[in-house]
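*Asks:* here are the coordinates; sequence isn't available:
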């Protein structure tokens, strides 16, 4: 009887994990499907449960064809999840070059991407951390009036450029000590979600900088009654990817809180369409959210780079009181190589469909953006 119970429990857990594994492969934008893109590492860890149950069952009695079948299912799930996870470990070849140690330190630019969290009560501690990090470029997210006032104390080191100050975690601001030739705010899909586009002078040349914070899937709308799907987020990412691909000779940097994991279909499509490179590949997962729950962390804050950049340091940094780790990247513009978009198969059609569906979703919710609108 005990061996039968162990077999039933192992089978039930495996069926649940197999369901979570297959579900995000569906080409739909519903939030409860897309969030299943996130817990690949957690699914891999949960496989320990049925494997231990099968081991105990095998110790109590001779292995059967049923046990071998369940073991095969567990191995299949593990291999499938590792396919997505392994590129973000040191067993993989990195795509962004490591910087030559002989490069003059003054040639490096430090980018800090910090989701500060609206309502964060630890503002003095955050400001102290930011001063210690001493960024050349700071992209601050979830900037409301209180954060705007607090961050003004950094004006002795950094200059505030494009910014939108909003409640509900919708604010975004670009601070930098580097010369800015041009900067603007755009609302790509939703009038509630602003993105920053800037042209910044690096020591090694001119960089095109984009800062974004698209809508997370599963977020409740302003009525609190309905959760948003992923379509508006996906459309914003694809519009940025298309713009990068249209100007492939530029030294692009696209960064921000994507509200999407590095290995999702949407983010990998974004990479192929844009030709941008992910510094995580060949280095580490760099899980940035949720900062307070180590077992439930995902890599959703990103820095994507064109080919000519070299990386000296790439790490996450805890921001007091925030649910996100900040990303800190020390980069050097070594040469002008731009990007090499590499779409596969139906990538272009998929990208266009995401954009169309995202705009339709925004229109249905009456938050469609005017693509010509800009503000500071």
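*Replies:* Perfect, thanks for sending it. This is a predicted model, so every value here is computed, not measured. Numbers count the residues shown, from 1 in each chain.
*Asks:* who touches the helix or strand where residue 131 lies?
*Replies:* According to DSSP states H and E, residue 131 maps onto helix 123-133. The contact list for helix 123-133, computed with Cβ atoms under 8 Å, 6 or more residues apart in numbering, reads 110, 112, 114, 116, 120, 138, 146-147, 150-151, 153-154, 157, 317-322, 326, 328. No exception for glycine: its C-beta is placed from N, CA and C like everyone else's.
*Asks:* from residue 261, how far out is residue 78?
*Replies:* Distance, residue 78 to residue 261, using Cβ to Cβ, to the nearest Å: 18 Å.
*Asks:* looking at these two, which is more packed in?
*Replies:* Using other Cβ atoms under 10 Å, the more surrounded residue of residue 78 and residue 261 is residue 261, with 26 against 16.
*Asks:* and the gap between that one and residue 301?
*Replies:* 10 Å.
*Asks:* check residue 51 too.
*Replies:* 32 Å.
*Asks:* neighbour-wise, which of the two wins?
*Replies:* Ranked by neighbour count (other Cβ under 10 Å), residue 51 and residue 301 place residue 301 first, with 26 against 18.
*Asks:* quick check: that one vs residue 62, distance?
*Replies:* Relative to residue 62, and taking Cβ to Cβ, residue 301 is found at 50 Å.
*Asks:* then residue 82?
*Replies:* Plainly put, residue 82 is 30 Å away from residue 62 if you go by Cβ to Cβ.
*Asks:* higher neighbour count, these two?
*Replies:* residue 82 (14 against 6).
*Asks:* now that one: how far from residue 233?
*Replies:* Residue 82 sits 26 Å away from residue 233, going by Cβ to Cβ.
*Asks:* who does the helix or strand just after the helix holding residue 131 pair with, and is each partner parallel or antiparallel?
*Replies:* Per DSSP H and E, the first helix or strand lying C-terminal to helix 123-133 is strand 137-141. Note on strand 137-141: by DSSP bridges, its sheet partners are strand 109-115 (parallel), strand 172-176 (antiparallel).
*Asks:* can you lay out these as a markdown table showing mean neighbour count and distance to residue 46?
*Replies:* Output for the strands paired with strand 137-141, formatted as a markdown table (neighbours: other Cβ atoms under 10 Å; distance: least, Cβ to Cβ, whole Å):
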| stretch | mean neighbour count | distance to residue 46 |
| --- | --- | --- |
| strand 109-115 | 24 | 28 |
| strand 172-176 | 23 | 36 |
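*Asks:* relative to residue 206, which of those strands is closest?
*Replies:* Set against residue 206 and scored by Cβ to Cβ, the strands paired with strand 137-141 come closest in strand 109-115, at 12.2 Å.
*Asks:* what's the angle from that closest one to helix 123-133?
*Replies:* Interaxial angle of strand 109-115 relative to helix 123-133 (axes from the mean of the first three to the mean of the last three Cα atoms, to 10 degrees): 160 degrees.
*Asks:* got a list of contacts for strand 109-115?
*Replies:* Under Cβ under 8 Å, 6+ apart, the answer for strand 109-115 is 126, 130, 133-142, 178, 202-203, 211, 213, 253, 255-257, 289, 301-303, 317, 319, 322-324, 326-333.
*Asks:* which residue, other than its chain neighbours, is closest to the residue nearest the centre of the chain?
*Replies:* The chain has residue 300 as the residue nearest its centroid, 2.9 Å off, counting by Cα atoms, centre = their mean. The spatially closest residue to residue 300, leaving aside those adjacent along the chain, is residue 289, at 5.1 Å (Cβ to Cβ, 6 or more residues apart in numbering).
*Asks:* try residue 139
*Replies:* Leaving out its chain neighbours, the residue that sits closest to residue 139 by Cβ to Cβ, 6+ apart is residue 211, at 4.4 Å.
*Asks:* ok, residue 23 next?
*Replies:* Closest to residue 23 by Cβ to Cβ, 6+ apart is residue 36, at 4.7 Å.
*Asks:* give the helix, strand or coil label for the one you found.
*Replies:* When classified by DSSP: H, G, I helix; E, B strand; the rest coil, residue 36 comes out as helix.
*Asks:* what about the closest residue to residue 228 other than its chain neighbours, neighbour count?
*Replies:* Excluding the flanking residues, the one nearest residue 228 by Cβ to Cβ, 6+ apart is residue 219, at 5.0 Å. Other residues near residue 219 come to 14 when the count uses other Cβ under 10 Å.
*Asks:* pretty sure residue 219 is touching residue 232, no?
*Replies:* No. Counting by Cβ atoms under 8 Å, residue 219 does not reach residue 232; the two are 10.1 Å apart.
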